[in-house]
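Novice: Sequence below, structure please.
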Amino acid sequence: MTRQHWICIVAAMVGGVAAGAMGLSWLSEPPPSSSWAMTTGVGTGYVLLAALAAACVGGLLVLQGRCRVASVVLCAAGLVPGLVEPRAFVATFLLVFAGLLTSALPKRRTARAGLSSSSAVPEA
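Specialist: Residues are numbered from 1 along each chain as shown. Sure thing, here's the model as predicted:
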């Protein structure tokens, strides 16, 4: 695992926890606003909790080396709550960052027996 992999995993976990915390706070008491309905606040709270779950799945996918799928999951987890309520981007911007960074990760190399140059026996 490279340093970029770990940065993606940490950004996904911190963004997921931030989204989950905002979702829990919006479920208990929606933020005051004159044009903001109670149903939108509760719905956004549940979407933010789903973003927490998606961030955990995205982090696990990065650990497994499935960077393309993880990128889609993390970007969706960061964008969907913001489309429901734009103030949710305060908590989910790290998920979008992690998704974009994951899309630029190099593929993990797997060691194959017999194909590496270090396992070759020099001839005398």
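
Novice: what's the spacing between Ala53 and Ala76?
Specialist: Look at Ala53 and Ala76: by C-beta to C-beta, to the nearest Å, they are 12 Å apart. From N, CA and C alone the C-beta is placed, and that goes for glycine too.

Novice: Please identify which of these two sits among more neighbours.
Specialist: A count of neighbours by other C-beta atoms under 10 Å puts Ala76 above the other of Ala53 and Ala76, at 16 against 13.

Novice: Spatially, what comes nearest to the more buried one if we skip its sequence neighbours?
Specialist: Ala54 (6.9 Å; C-beta to C-beta, 6 or more residues apart in numbering).

Novice: ok, that neighbour touching Ala77?
Specialist: Yes: counting by C-beta atoms under 8 Å, Ala77 is a contact partner of Ala54 at 3.7 Å.

Novice: I'd like to know which elements the helix or strand bottoming out on mean pLDDT in the chain is packed against.
Specialist: Ranking every helix and strand in the chain by mean pLDDT, DSSP states H and E puts helix 38-64 at the bottom, with a mean of 85. With contacts taken as 3 or more C-beta pairs under 8 Å, 6 or more residues apart in numbering; DSSP states H and E, helix 38-64 sits against helix 3-28, helix 67-84, helix 89-103.

Novice: Alright, calling it a day.
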